[in-house]
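# Structure for the following, please:
(one chain, ligands or ions: 1)
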Amino acid sequence: PGPKPLAGRHALVTAGPTHEPIDPVRYIANRSSGKQGFATAAALASLGARVTLVAGPVTLSTPAGVDRIDVETAQEMADAVETALPADVAVMVAAVADWRVAPAAQKVKKGEAAPELRLVENPDILAGLARSPRRPALLIGFAAETERVVEHATAKRLRKGADWIVANDVSGDVMGGDSNAVHLVTAAGVEEWPRVNKAEVARLLARRIADALGNPG
Ligand code: C5P
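Modelled structure (predicted):
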């Protein structure tokens with residue numbers, strides 16, 4: 001067998017949720033198991049890439065051959081991504097919390113009135129990377145949609161400046177489950193992939209990434 005197709009390439013992957021603290025014992029978060037992101041990191045590593053996996057709080061073991069950086073908040077994830085650059089490809093699979101709270105230093109006590117949370121917008125890591133002078137040559141986002149999946153993903157690709165969007169239909173039982181109904185949205189159009197498990201989505205995506213990086217233009 002020849003050299004692995006992603007040998008010498010650096011791949012950056014984000015995975016899992018972020019946790020945004022409300023006080024020392026509470027947080028808000030998005031729902032995400034991290035399975036698709038970890039599978040993607042594993043698949044890229046098995047094609048020979050050097051992989052940096054920036055992981056939010058999940059209970060998954062680190063895939064073989066992957067450098068893992070654990071983070072908690074969106075801001076920490078954004079900083080870790082910046083530090084990991086440059087990369088040939090970035091695959092942003094994380095379900096980043098869109099808002100954070102200005103956290104209280106002490107545990108908020110139950111009182112008469114429920115506390116009001118003031119939410120502040122988090123940085124959009126994918127959109128920021130798209131505008132960065134150190135933008136990876138291939139920038140891939142994920143989109144979890146419950147309706148009009150392709151339409152929303154197509155708009156998201158343009159809005160965020162990503163090259164590809166992997167669109168997931170999460171109207172069924174995808175969350176935390178093992179299979180994924182996926183469309184790949186690129187500048188060339190939309191592909192519907194067969195319903196396969198998350199590990200197979202990751203292998204198909206890694207193979208496409210290798211093809212794209214191997215054949216520039
Ligand atoms: O806008 P939405 O959150 O649906 O976009 C999802 C895509 O954007 C995913 O690739 C996700 O990792 C990325 N994202 C990000 N930073 C955020 C929000 C989303 O990188 N703050």
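
# For the chain, what lies in contact range of the ligand?
Within the chain, the positions near the ligand by C-beta under 6 Å from any ligand atom are 14, 74, 92-94, 96, 98, 122, 124-126, 141-143, 156. All C-beta spots, glycine's among them, are computed from the backbone N, C-alpha and C.

# now do 8 Å
Neighbours of the ligand within the chain, by C-beta under 8 Å from any ligand atom: 14, 74, 77-78, 92-98, 122-129, 140-145, 156, 160, 162, 165.

# So among those residues, which ones count as buried?
14, 74, 77-78, 92-97, 122, 124-127, 129, 140-145, 156, 160, 162, 165 (16 or more other C-beta atoms under 10 Å).

# chain center to the top helix by length along the chain: distance?
Ordering each helix of the chain by length in residues (DSSP state H) puts helix 198-214 first. Distance of helix 198-214 from its chain centroid, counting by C-alpha atoms, centre = their mean, to the nearest Å, is 15 Å.

# Show me what it is packed up against.
helix 35-46, strand 89-92, strand 138-145, strand 179-180, strand 182-186 (3 or more C-beta pairs under 8 Å, 6 or more residues apart in numbering; DSSP states H and E).

# Can you list the neighbours in contact with the third one?
Contacting residues not belonging to strand 138-145 are listed as 36, 88-93, 95, 126, 129-130, 149, 152-153, 156-157, 160-171, 174, 205, 209, 212-213 [C-beta atoms under 8 Å, 6 or more residues apart in numbering].

# ok, then the element right after that strand?
helix 149-160 (DSSP states H and E).

# who does the residue nearest to Ile209 when sequence neighbours are not counted bridge with?
Closest residue to Ile209 apart from its sequence neighbours, by C-beta to C-beta, 6 or more residues apart in numbering: Val89 at 5.4 Å. Following DSSP bridges, Val89 is listed with bridge partners Ala11, Leu138.

# list the contacts for Val89?
9-12, 44, 49, 136-140, 209, 213.

# which one among the residues you listed gets closest to the ligand?
Nearest to the ligand out of the contacts of Val89 is Ile140 (C-beta to the nearest ligand atom; 7.5 Å).

# per-residue confidence for that closest one?
On the pLDDT scale, Ile140 is placed at 98.

# go on, Asp169?
85.

# Same question for Pro115.
So Pro115 comes in at 85 (pLDDT).

# From the structure, what's the count of residues near it?
Residues near Pro115, counting by other C-beta atoms under 10 Å, number 13.

# Confirm that it sits in a strand.
No. Applying DSSP: H, G, I helix; E, B strand; the rest coil, one finds Pro115 to be coil, outside a strand.

# Poorly predicted segments of this protein, please.
Scanning the chain with the threshold set as pLDDT under 70 gives 1, 172-178, 215-217.

# center of it, which residue is that?
The centre of the chain sits closest to Val93, judged by C-alpha atoms, centre = their mean, with a distance of 1.6 Å.

# Next, that one: phi, psi?
When read as degrees, to the nearest 10, the backbone of Val93 gives phi -100, psi -10.

# tell me the contacts of it?
By C-beta under 8 Å, 6+ apart, Val93 lies in contact with 13-15, 36-37, 40, 142.

# And for Glu76?
Counting by C-beta under 8 Å, 6+ apart, Glu76 touches Thr18.

# just checking, it is part of a strand?
No. Counting by three-state DSSP, Glu76 is located in no strand; its state is helix.

# Now name the helix or strand holding Arg135.
Per DSSP H and E, there is no helix or strand for Arg135.
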